[in-house]
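> how does the following fold in three dimensions:
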Amino acid sequence: MKPGDEKILCRLREIRQSKGWSQIELAQNVGVKRQAIYDMESGKYVPNTALALRLARQLECRVEDLFFEEIPDIQQPVTLIETPELDDSRIEVASIRGRLVGYPLAGKKSFNHGFRPADGLLSPDGGKVNLLYPQEAIDRTIILLGCDPAFSVLRAHILRHAPAVRMHCRFTSSYNSLRGLAAGHAHIAGTHLHNTSSGEANVTLARSFLKGTSAKVIAFSLLEEGLMVAPGNPHGIRDVSDLAGGRVRLVNREPGAALRSLLDDYLNRMNLPHNTVAGYDSEVQTHADGAQKVAFGFADAALGFRAVANAYGLDFVPIQVARCDLVLPDDMADHPSMRVLLDTLQSIELRKELRALPGYESSSTGSVIAEL
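Okay, the predicted model is just below:
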């Protein structure tokens, strides 16, 4: 928007009338002629700072309650990462490497005990966005891809350190997180593959996606992964081998999810074919979806975290402790909000809260695991 494009709107008449005052009474109280009040209310005259302050003081409100700027709609090009599930124009937006990137807010992704607010509205052709936030706010926004539920805790601690910083957490698998990061669809990605005899699985996966891109792998959390089961564990499940034989109904995660890789690794170690597990091909996209299947009796076991099982009142059969890492490309470290995130990872308060979550540990939080 160029200087002079803005329009000052006035609510003086509405607020004056709510006080029961006439134009003459207000004019007398602030020391101007009635014509001046009329001209302000009709949009012909914008008062100077001193008069605006006197009006606000007399009407017991803020100057910005009386006079405010109308910002015209300005459409900007946006790269839409996902196709909206429904006919919904609301999207989350951030600036990544000089371009606006948008994620739809539609379906389940738009609602979590209340609608998630949008950053902008898509044009009918889906190629442009009308921002609902100032450009400075969009420039301070970072997008984190991953599936650790504790990322929302990280976001809250970032806001405590710097209220102007914004972080959008988009839930997706470890593989899809790194794929999105490599494609320039996010500033940072989370992955929690379990380590095997071949070494650091998160580092290996990050290196495979970010070929030729220098980046850091930074520890976020240690968390217990395993099977979420009904209260009391009625089927007596002790480990992965108890899933074979068809007596237990499993709900699996989608290919590319770290928990799916964990299950496959253990089945292979035990020489158990996938087809011996009832429900192996039954998939959900989130930890919460799996927990709900078990809670409502549609499955006997679901892959997930101890913290998620605890949140849904389920029992938990541990399989392994994995480390969730954050992968940050070096060029993203210059983002104005990234330093706040990195500083937050070192804070005692964040580590204390992570330790308070069931099945979580924060001894390595903020440590640099590897440089790619």
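
> what about the strands in the stretch 201-350 of the chain?
According to DSSP state E, counting those that start in this stretch, the stretch 201-350 of the chain carries its strands in the segments 215-229, 250-253, 283-284, 301-305, 315-329.

> mind putting those in TSV, mean pLDDT included?
Output for the strands of the stretch 201-350 of the chain, formatted as TSV (pLDDT from 0 to 100):
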stretch	mean pLDDT
strand 215-229	97
strand 250-253	95
strand 283-284	94
strand 301-305	96
strand 315-329	96
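
> which of the ones you listed sits closest to Val101?
Nearest to Val101, of all those, is strand 315-329, at 14.5 Å by C-beta to C-beta. C-beta coordinates here come from the backbone N, C-alpha and C atoms, glycine included.

> quick check: buried residues in the closest one?
Judged by neighbour count using 16 or more other C-beta atoms under 10 Å, the buried positions of strand 315-329 are 315-317, 319, 321-329.

> could you dump the strands of the stretch 201-350 of the chain into CSV and include distance to Phe68?
Supplementary listing: the strands of the stretch 201-350 of the chain in CSV, determined by distance: least, C-beta to C-beta, whole Å:
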stretch, distance to Phe68
strand 215-229, 41
strand 250-253, 49
strand 283-284, 46
strand 301-305, 46
strand 315-329, 39
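
> so what's the residue count around Ala278?
18 (other C-beta atoms under 10 Å).

> how many neighbours does the closest residue in space to it that isn't next to it in sequence have?
Using C-beta to C-beta, 6 or more residues apart in numbering and skipping residues adjacent in sequence, the residue nearest Ala278 is Gly246, 4.7 Å away. Residue neighbour count, defined by other C-beta under 10 Å, stands at 11 for Gly246.

> may I see the buried residues of strand 315-329 arranged in a markdown table, with distance to Leu354 as well?
As requested, the buried residues of strand 315-329 are exported to a markdown table (distance: C-beta to C-beta, whole Å):
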| residue | distance to Leu354 |
| --- | --- |
| Asp315 | 22 |
| Phe316 | 18 |
| Val317 | 22 |
| Ile319 | 20 |
| Val321 | 14 |
| Ala322 | 14 |
| Arg323 | 12 |
| Cys324 | 10 |
| Asp325 | 14 |
| Leu326 | 13 |
| Val327 | 19 |
| Leu328 | 19 |
| Pro329 | 24 |
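
> of these, closest to Glu361?
The shortest approach to Glu361 among the buried residues of strand 315-329 belongs to Val321, at 7.6 Å (C-beta to C-beta).

> which strand residues bridge the closest one?
Here Val321 sits in beta bridges with Glu224, as judged by DSSP bridges.

> check contacts around it.
By C-beta atoms under 8 Å, 6 or more residues apart in numbering, the residues touching Val321 are Leu222, Leu223, Glu224, Glu225, Glu361.

> got the residues you listed as a markdown table, with neighbour count columns?
Compiled in a markdown table, these are given as follows (neighbours: other C-beta atoms under 10 Å):
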| residue | neighbour count |
| --- | --- |
| Leu222 | 19 |
| Leu223 | 24 |
| Glu224 | 19 |
| Glu225 | 22 |
| Glu361 | 16 |
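
> which pair of those spans the longest distance?
Glu225 and Glu361 (12.7 Å).

> in the least confident helix or strand in the chain by mean pLDDT, what's buried?
Evaluated with mean pLDDT, DSSP states H and E, the helix-and-strand set of the chain has its lowest mean pLDDT in strand 67-70, which scores a mean of 76. Buried residues in strand 67-70, counting neighbours by 16+ other C-beta under 10 Å, are found at Phe67.
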